[in-house]
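Colleague: Sequence first, then the predicted structure, then my questions.
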Amino acid sequence: MISVSTALSIISKIRYTPNPKTVLLKDANGLNLGEDIISQIHMPPFRQSAMDGYALLLHDKNSYQIIGEVKAGDSQNYLLKPGQGVRIFTGARVPDDANTVVIQERVNRSENTITIDSEIHPNQNIRAIGEQIKEGDTALIKGTKLTPAGIGFLAGLGVTKVAVYAPPNVAIITTGNELITPGEKLKEGKIYESNSIQLETVLEQLHIKEINKYVVQDEYESTKETIRQAINDNDLVLISGGISVGDYDFVKEALSELHTEELFYKIKQKPGKPLFFGINNKTMIFALPGNPASSLTCFYIYVLPIIQKMMGINAIGLNRTTKIITKDFVKKGDRAQFLKAKVSGETVEILEGQSSAMLYTYAIANALVYVPEHIDNIEKGKSAETILLPI
């Protein structure tokens, strides 16, 4: 059995080089760029009016002759003399001769003549060519997570396709004779299976769409063959249950017979001690505890950093901070603990109901408080390491 810090160190040292895949820009939301994006144009590509008003060629008087109009999208380039101008609208091309744009609220107009009732400055309300980005400049760097704003920015540069780090194909294998599908009649000795939908949902939250689900009974040969198939067809395999030391827990033995390289098994923590991590060829494999809260905690702490590596994400794991706990906490036992908690402002409340089988507490939590194995208690008002859950 290893410590939490040792397990995380092993995770951090995993080297994974994802291969970029070209996708349509509209399909890239939430994914990370697999290459730098170089702008092929200036943005804006022409001098652009920032306001509705009048584009003028300045002279020493406050009255101007208006000789035309430029709407957004027009290409006409009026030739202006000092004291002349054009009516112009936001986003429209500013004539080459114009050297200022006066907003319409500062102007009095009578037919084709305007007078200005405020001081005018050169180049006001004009967006210069390349003000946002110049041709040849790097628009977004490799590894940037694409958001709706980023996608809009690239679309504005004329980009239609991008190379991204594609999400991994993920297998979820559910084990257990006692499990039945929600919606079926609950029979004596059976429970509804929740881990697979829980894992599927958190994977989808990470923009992973290729999820293959398998169900296997507590029988050795079928367990082994199901794991073999999942390893062959997926980049990441998540096995729910069957990894402990009971008479009907066959996952560890099956992984060994399939020549899986074990990187660690069992962590000195609560919940989630019986956690396995290994590699078979290039497929990453996690055998997660069957208890729902243990399974989800192990996913957030250990699986998520591996997925981030596979998707070209620089961050490792969830965001961590320190918060002030609202009541005394005394730890039982000598294992490190991940406690379901609720953050509010600068404080964090450790919730009741920390059993590894309880999901209700998880359902109302927005954080985990981490208590290392060498700490026995935390007094009210003291700071505690707090892991922020995605919501």
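Modeller: Received it, and whenever you're ready, just let me know what you need.

Colleague: Now do the end-to-end distance for stretch 119-135.
Modeller: 34 Å (C-alpha to C-alpha, to the nearest Å).

Colleague: For that stretch, list every residue counted as buried.
Modeller: Neighbour counts over stretch 119-135 (16 or more other C-beta atoms under 10 Å) mark 125, 126, 127, 130, 132, 133 as buried. Heads up, the C-betas are built off the backbone N, CA and C, glycines and all.

Colleague: Find the nearest non-adjacent residue to the fifth one, please.
Modeller: Of all residues not flanking residue 132 in the chain, residue 43 sits nearest, at 4.4 Å (C-beta to C-beta, 6 or more residues apart in numbering).

Colleague: Verify the stated contact: that neighbour with residue 133.
Modeller: Yes: look at residue 43 against residue 133 with C-beta atoms under 8 Å: they come within range, at 4.9 Å.

Colleague: I'd say residue 382 and residue 325 touch.
Modeller: Yes: at 6.4 Å, residue 382 and residue 325 qualify as touching, with contact defined as C-beta under 8 Å.

Colleague: Which one's more surrounded, these two?
Modeller: Applying other C-beta atoms under 10 Å to residue 382 and residue 325 shows that residue 325 carries more neighbours, namely 21 against 12.

Colleague: Find the least confident helix or strand in the protein, judged by mean pLDDT.
Modeller: Within the chain, confidence by mean pLDDT, DSSP states H and E is lowest for strand 179-180 among all helices and strands, at a mean of 72.

Colleague: what packs against the helix or strand just after it?
Modeller: Proceeding N to C from strand 179-180, the next assigned helix or strand is strand 191-192, under DSSP states H and E. Judged by 3 or more C-beta pairs under 8 Å, 6 or more residues apart in numbering; DSSP states H and E, strand 191-192 is in contact with strand 179-180.

Colleague: hang on, the earlier thing: now render the buried residues of stretch 119-135 as a markdown table, adding distance to residue 287, secondary structure and pLDDT.
Modeller: Below are the buried residues of stretch 119-135 laid out as a markdown table (distance: C-beta to C-beta, whole Å; DSSP: H, G, I helix; E, B strand; the rest coil; pLDDT from 0 to 100):
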| residue | distance to residue 287 | secondary structure | pLDDT |
| --- | --- | --- | --- |
| 125 | 63 | coil | 97 |
| 126 | 63 | strand | 98 |
| 127 | 57 | strand | 97 |
| 130 | 54 | coil | 97 |
| 132 | 49 | coil | 96 |
| 133 | 48 | strand | 97 |
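
Colleague: wait, which of the residues you listed is closest to residue 269?
Modeller: The closest of these to residue 269 turns out to be residue 133 (C-beta to C-beta; 47.3 Å).

Colleague: From residue 144, how far out is the closest one?
Modeller: Noted for residue 133: a distance of 14 Å to residue 144, by C-beta to C-beta, to the nearest Å.

Colleague: Next: residue 116.
Modeller: On the measure of C-beta to C-beta, residue 116 and residue 144 end up 44 Å apart.

Colleague: Check residue 280 too.
Modeller: From residue 280 to residue 144 the distance is 32 Å (C-beta to C-beta).

Colleague: Same check on residue 4?
Modeller: Taken as C-beta to C-beta, the span from residue 4 to residue 144 is 31 Å.

Colleague: do the same with residue 349
Modeller: Applying C-beta to C-beta to residue 349 and residue 144 gives a distance of 36 Å.

Colleague: Over to residue 159?
Modeller: Distance, residue 159 to residue 144, by C-beta to C-beta: 13 Å.

Colleague: With residue 249 instead?
Modeller: 43 Å.

Colleague: Same question for residue 232.
Modeller: 33 Å.

Colleague: Which one of those two is surrounded by more residues?
Modeller: A count of neighbours by other C-beta under 10 Å puts residue 144 above the other of residue 232 and residue 144, at 17 against 11.

Colleague: OK, contacts around the residue nearest to the more buried one when sequence neighbours are not counted?
Modeller: Using C-beta to C-beta, 6+ apart and skipping residues adjacent in sequence, the residue nearest residue 144 is residue 33, 4.9 Å away. Applying C-beta atoms under 8 Å, 6 or more residues apart in numbering to residue 33 gives the contacts 140, 141, 142, 143, 144, 146, 162, 163, 164, 165, 312.

Colleague: out of those residues, who has the most neighbours?
Modeller: Counting neighbours by other C-beta under 10 Å, residue 164 leads those with 25 neighbours.

Colleague: Just grab the bridge partners of that residue for me.
Modeller: residue 21, residue 33 (DSSP bridges).

Colleague: now the helix ranked longest in the chain, how far from the chain's geometric center?
Modeller: In the chain, with assignment by DSSP state H, the single longest helix is helix 220-233. How far helix 220-233 lies from its chain's middle: 31 Å, per C-alpha atoms, centre = their mean, to the nearest Å.

Colleague: what about residue 131, which SS state?
Modeller: Following DSSP: H, G, I helix; E, B strand; the rest coil, residue 131 is assigned to coil.
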